[in-house]
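Enquirer: Need the 3D shape of this:
(chains A, B, C and D)
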Protein chains: 2
Amino acid sequence: MEQQAKKVERIRIYDVALAAGVSVATASKALNDTGRMTAETRERVKRAAMELGFRPNAMARGLQGKRSFTIGLLTNDTYGRFTLPLMAGISEALVDHGVSVFLCTIEDDPVLAKIHVDAMLDKQVDGIIASGKRIDRRLPVDLSHLPVPVVYAFTDGPDDSVRFVSDDAQGSREAVQWMAGLGRESIVHVTGPASFASVKERADAYSQIVGAGAEILHGKWSEAWGHEAVAQLWAGGGPHPDGIFCGNDQIARGVVDALRERGVDVPRDVSVVGFDNWEIVAAATRPPLTSVDMNLKTLGKEAGLTVLAMAEGKTVEPGIRKLPCQLVVRQSCGGAEAG
Amino acid sequence: MEQQAKKVERIRIYDVALAAGVSVATASKALNDTGRMTAETRERVKRAAMELGFRPNAMARGLQGKRSFTIGLLTNDTYGRFTLPLMAGISEALVDHGVSVFLCTIEDDPVLAKIHVDAMLDKQVDGIIASGKRIDRRLPVDLSHLPVPVVYAFTDGPDDSVRFVSDDAQGSREAVQWMAGLGRESIVHVTGPASFASVKERADAYSQIVGAGAEILHGKWSEAWGHEAVAQLWAGGGPHPDGIFCGNDQIARGVVDALRERGVDVPRDVSVVGFDNWEIVAAATRPPLTSVDMNLKTLGKEAGLTVLAMAEGKTVEPGIRKLPCQLVVRQSCGGAEAG
DNA sequence: CTCAAATGCGCAAACGTTTTCTCATTTTCG
DNA sequence: CGAAAATGAGAAAACGTTTGCGCATTTGAG
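Expert: Numbers count the residues shown, from 1 in each chain, chains lettered A, B, ... in the order given. Here you go, the predicted model:
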């Protein structure tokens, strides 16, 4: 337990230059593969840098007017349900480029949001990714006239902005068609509040496929609503659905549990599909849920790469980019081993 | 949709000085409340800065040899179950100090970990908080000889390090005593794998209170294990427990569901307490779970403040700091309205 | 062999702050 | 009233890079 030798002097480019027997300027150019010099010189400098364990001081570099190799991720998704997968994607895509990410969680508080954005700008972030928990709501702060590029991922933004969202309609189609392909003929849709844009998009896609027999039940995003919806559906003596497409995994879990309690076998009697593919819910359900994954990690990667490109001056077409969803097959539909 | 005026020239301290009619040096001192000058001069500079909307360039400031107002949060908790509340606390505590947080999620990959740590150091973070998902495991990277202070929160660290963890023993005692206080006389403990330090700590605290009648069942951290444990407990014809203290909320939910399926009423016949107070699980259980909250947000605050203090040169006593847990009463025990 | 072009490299400025000195002016005190 | 002390403010260096420009020296062409 030796006394920590706190002040290990960091190697500066000056030290590298000295070791390689060149000037600081040449050292810099050698390391950045710019400027003119012998291949031998360049190699010698690089070797010296390597041996000394030289790591350039990002502050000095950033100050010098170039990039800071830093971006900000702003979100109001306190729980991280959507932001974390996104973050994972961003981080994975950008770590190769030496970019680090400031994560700022703002709780729908405009003042806090402004403070965080200002802090980011003070720190000269190369760009900002705005994220949230609803694609039809905006963060409580205006990001449209910032001196750095901004992209929106899984949240709404101005018309002339670059936005990434999942293709919910396509995801819905996959889900419904999967059930139809398994022979289900009476599929209902149990989903969240009609006020959500994603609810509408998913419901529309569902209706388009199911056609005349479409039946949509709106409620809360909760397991409890799943239970209640089943109670409603099984209330009358009439025929019951043999497929239930749910607006999210929590509803789906409620539905599956309710069906089991009624003695209805899932997936034999009824197929159930969820949405979000929230591992923690989908995997714990009995049977585990087949669910639509929004590929948020991929979305994060794209958003990260895009904001980086913009930071480098590349011009990016504004507009909405929809990334495909993917059906993750577990056992709540049958067909698990058929795939 | 006007063409974005991208290059809004940032106000420099030079501009402030000019506006206030003083030198750059004086301006700097005025704004930082250092140096000597008339109160009037100081005020005039501050007013000019305010009016111009001056924000100091953090890079220049950092370069100048002082702090970067940046810290790194390193974690291998991919899912964010523990890290996000921690992060919220850190962020909340540090935003007042103008400090931003780099979040780096490493997936138990030593190489990736090293890359991220190096990136943080390049960016001159003032300190690093290491975090994880188990208090008896370390991150796959050695942080003990870094040029910046490190504190460990909810993860293990070297003997001479500063570590923050929750007081699981105290949390367990609260839970068991709560059930005992409600008249429960036969309380069993259904928990996770014995290999976890926190499992041992919670189990020991439980045993100490319950005494001779202690019964501990180890299994996985899953709902499925909760179901199975109930099956085991109710297998024989003998007397059944009237209280079940669970190692986490997922197990507790499994237990509650299994009891309901057996026709055992919770909380009338049996009280159940969970651990973690994971809202998403605890609140969705029927009835909602009474659970032990580890106060991770508070833990994050403490860790943040501590690493900051260390960065400012204050010396902090190494060792483990245990922060108290708190029982969150819902309905799975009864006594909800008694409190 | 001469002159132009190309090559290899270093000097010094710049980035935006903070901080250490220094200096002129004012105040204090004997 | 004179000298010491205190005060207000500015000049300039420093932090660690990158980069524009200039200057020898070498290469190539005629």
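
Enquirer: What is the neighbour count of residue A:218?
Expert: 17 (other C-beta atoms under 10 Å in any protein chain shown). The way it works is simple: take the backbone N, C-alpha and C, and place the C-beta from them, glycine included.

Enquirer: Just list the residues touching it, thanks.
Expert: Residue A:218 makes contact with A:191-194, A:199, according to C-beta atoms under 8 Å, 6 or more residues apart in numbering or on different chains.

Enquirer: Helices of the stretch 51-200 of chain A, start to end?
Expert: Applying DSSP state H, counting those that start in this stretch to the stretch 51-200 of chain A gives helices spanning A:58-63, A:83-95, A:110-122, A:168-181, A:197-210.

Enquirer: Ranking those helices by mean neighbour count, which comes first?
Expert: Across those, averaging neighbours per residue (mean count of other C-beta atoms under 10 Å in any protein chain shown) puts helix A:83-95 on top, at a mean of 23.

Enquirer: Run the chain-centre distance for that one.
Expert: Once both centres are worked out by C-alpha atoms, centre = their mean, to the nearest Å, helix A:83-95 turns out to sit 7 Å from its chain's centre.

Enquirer: and it, does that touch chain B?
Expert: Yes. With C-beta under 8 Å from any C-beta of the partner chain as the criterion, chain B is reached by helix A:83-95 at A:84, A:87-88, A:91, A:95.

Enquirer: among the helices and strands of chain A, which has the poorest mean pLDDT?
Expert: helix A:279-282 (a mean of 92; mean pLDDT, DSSP states H and E).

Enquirer: Can you pull out the low-pLDDT segments for the stretch 201-339 of chain A?
Expert: Counting by pLDDT under 70, the stretch 201-339 of chain A shows low-confidence ranges at A:336-339.

Enquirer: Residue for residue, what is the longest helix chain A has?
Expert: Longest helix in chain A, counting residues (DSSP state H): helix A:296-311.

Enquirer: what's the next helix or strand along the chain from it packed up against?
Expert: The C-terminal neighbour of helix A:296-311 among helices and strands, as given by DSSP states H and E, is strand A:319-323. Judged by 3 or more C-beta pairs under 8 Å, 6 or more residues apart in numbering or on different chains; DSSP states H and E, strand A:319-323 is in contact with strand A:162-166, helix A:296-311.

Enquirer: Let's see that with 10 Å instead.
Expert: Counting contacts by 3 or more C-beta pairs under 10 Å, 6 or more residues apart in numbering or on different chains; DSSP states H and E, strand A:319-323 is packed against strand A:150-153, strand A:162-166, helix A:168-181, helix A:296-311.

Enquirer: could those go into TSV alongside distance to residue B:284?
Expert: TSV is the format used below for these (distance: least, C-beta to C-beta, whole Å):
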stretch	distance to residue B:284
strand A:150-153	27
strand A:162-166	24
helix A:168-181	22
helix A:296-311	22
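
Enquirer: Put together JSON lines for the ones you listed, with distance to DNA strand C on each row.
Expert: Shown next, in JSON lines, are the helices and strands packed on strand A:319-323 (distance: least, C-beta to the nearest atom of the strand, whole Å):
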{"stretch": "strand A:150-153", "distance to DNA strand C": "21"}
{"stretch": "strand A:162-166", "distance to DNA strand C": "27"}
{"stretch": "helix A:168-181", "distance to DNA strand C": "44"}
{"stretch": "helix A:296-311", "distance to DNA strand C": "17"}
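
Enquirer: mind checking which of those is nearest residue A:45?
Expert: helix A:296-311 (27.3 Å; C-beta to C-beta).

Enquirer: and the closest one, is it in reach of DNA strand D?
Expert: No. Figure legend: helix A:296-311 not in contact with DNA strand D (C-beta under 7 Å from any atom of the strand); closest approach 14.4 Å.

Enquirer: For the residue nearest in space to the middle of chain A, which residues are in contact?
Expert: Residue closest to the mean C-alpha point of chain A, counted by C-alpha atoms, centre = their mean, is residue A:86 at 2.5 Å. Contacts for residue A:86 were tallied using C-beta atoms under 10 Å, 6 or more residues apart in numbering or on different chains; they are A:73, A:75, A:77, A:80, A:129, A:131-132, A:153-154, A:164, A:294, A:296-301, A:303-304.

Enquirer: likewise residue A:159?
Expert: Taking C-beta under 10 Å, 6+ apart as the test, what residue A:159 contacts is A:144, A:318-320, B:1.

Enquirer: Backbone dihedrals for it, both of them.
Expert: phi -60, psi -40 (degrees, to the nearest 10).

Enquirer: Next to DNA strand C, which bits of chain A? Give me the list.
Expert: By C-beta under 7 Å from any atom of the strand, the residues of chain A that approach DNA strand C are A:21-26, A:35-38, A:41, A:60, A:63-65.

Enquirer: Quick one: buried ones out of these?
Expert: Buried members of the residues of chain A next to DNA strand C, scored by 16 or more other C-beta atoms under 10 Å in any protein chain shown, are A:22, A:26, A:41, A:63.
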